[in-house]
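S.K.: For reference, the sequence and a predicted model appear below.
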Amino acid sequence: MKKLLLLVMIFIWQNNFAQIYIYTAKKEFIPAEIKLTNGEIISGYIKEFNVPNAIELPEFSLNFNLEAELRLDRTKFNFKKTLEGSSEKIDLNSIKSITLKGEDTITYEKLKLKTINSKLEVVDLEREIMAPLIKPGKINIYGLKAYECSSGYGCSLMWVLTYIKKPNDEFAYIPVDYNRLNIFNLGKIDDKFFRAFEEVGKDCPEFLNYTADKKAKFSDKAYRKELAAVRKQFDKDKKEKLKQIKSNRERIKAEDDMETQFYLKFYLDEIKEYSSRCE
């Protein structure tokens, strides 16, 4: 079985199938700007547009619908033009994107999802969700962070639930689909990752050639060893940088930022290559 891409991208199972929690802030009515499918933009407040404070996955299993558990696939939203005004329901079908304007500005876009199965076939999930945009570009990247938490040790980033999509494409793809992940198909993770990028970038032969070459490298033991060394050096550099930060709160945030950037590097590297090769 191949060494997993995730051994470097993330440490999804450092010891075993750990309990996993997904965190976001919980609020009531949040200042928001909603872009409708007809091009109209409305401003006001949207209620409870959030994922649960925490969600715990059963040990030894990731086999359930994360998007449904996180209510990313809700079909109606409570909206007020003013905090004192009456609320109305806005249907998902009429929404293109929602921008939350709190301490941080976050834009959620409506995505129609496709995934890759173990036979490397494209599967239409026939599902629409609202997912936060992480980084726009020729290929947009969307995602939510997931953490491993333990008593007395706090929480550390394990992975990011990630989607990729060209801005004008109809569908977004899931390079690593945790809903379909189990102990029997772990060896397919790297193949699925590159297959998703092949679908998104199929309009560019030069990018497809690059992706084929890059995927082939993951079968090479020397390259896998090189990637392991990169992870080891990253951990060493991170430790040194965190030593320089006195505030515990700032240190936690800095570690989270560094881990996020390290995890997303594999995605961003692919997107960078697509951007440099394709019109």
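M.R.: Perfect, thanks for sending it. Residues are numbered from 1 along each chain as shown.

S.K.: so is the residue lying closest to K217 once chain neighbours are set aside in a helix, a strand, or just coil?
M.R.: The spatial neighbour of K217 that comes closest, neighbours along the chain excluded (C-beta to C-beta, 6 or more residues apart in numbering), is Y223 at 4.6 Å. Just so you know, the C-beta spots here come from the backbone N, C-alpha and C atoms, and that holds for glycine as well. Assigned by DSSP: H, G, I helix; E, B strand; the rest coil, the conformation of Y223 is helix.

S.K.: is it true that Y223 touches K215?
M.R.: No. Shown here, Y223 and K215 do not form a contact pair, counting by C-beta atoms under 8 Å, at 11.1 Å.

S.K.: Which pLDDT value belongs to the residue nearest to K217?
M.R.: Per-residue confidence for Y223 comes out at a pLDDT of 87.

S.K.: tally of neighbours for it?
M.R.: For Y223, the count of nearby residues is 14 (other C-beta atoms under 10 Å).

S.K.: before we move on, what about G137?
M.R.: Neighbouring residues of G137 were enumerated by other C-beta under 10 Å; the total is 13.

S.K.: Likewise for D235?
M.R.: What D235 shows, counting by other C-beta under 10 Å, is a neighbour count of 14.

S.K.: Phi, psi for it please.
M.R.: D235 adopts backbone torsions of phi -60, psi -40, taken as degrees, to the nearest 10.

S.K.: show me the contacts for it.
M.R.: With contacts taken as C-beta atoms under 8 Å, 6 or more residues apart in numbering, D235 has no neighbouring residues.

S.K.: what about it, distance to E226?
M.R.: Taking C-beta to C-beta, to the nearest Å as the measure, D235 falls 15 Å from E226.

S.K.: Any stretches of the protein with poor pLDDT?
M.R.: 1-27, 48-66, 69-71, 103, 148-154, 180-187 (pLDDT under 70).

S.K.: Could you list every helix and strand in contact with the longest strand along the chain?
M.R.: In the chain, with assignment by DSSP state E, the single longest strand is strand 122-135. Taking 3 or more C-beta pairs under 8 Å, 6 or more residues apart in numbering; DSSP states H and E as the contact definition, the neighbouring helices and strands of strand 122-135 are strand 105-116, strand 140-150, strand 154-165, helix 248-277.

S.K.: Please produce JSON lines containing these, extended by mean neighbour count and distance to V230.
M.R.: Shown next, in JSON lines, are these (neighbours: other C-beta atoms under 10 Å; distance: least, C-beta to C-beta, whole Å):
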{"stretch": "strand 105-116", "mean neighbour count": "20", "distance to V230": "25"}
{"stretch": "strand 140-150", "mean neighbour count": "19", "distance to V230": "20"}
{"stretch": "strand 154-165", "mean neighbour count": "21", "distance to V230": "17"}
{"stretch": "helix 248-277", "mean neighbour count": "16", "distance to V230": "9"}
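
S.K.: Can you redo the ones you listed as CSV, where the extra columns are distance to Y210?
M.R.: Formatted as CSV, the helices and strands packed on strand 122-135 follow (distance: least, C-beta to C-beta, whole Å):
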stretch, distance to Y210
strand 105-116, 19
strand 140-150, 18
strand 154-165, 16
helix 248-277, 5
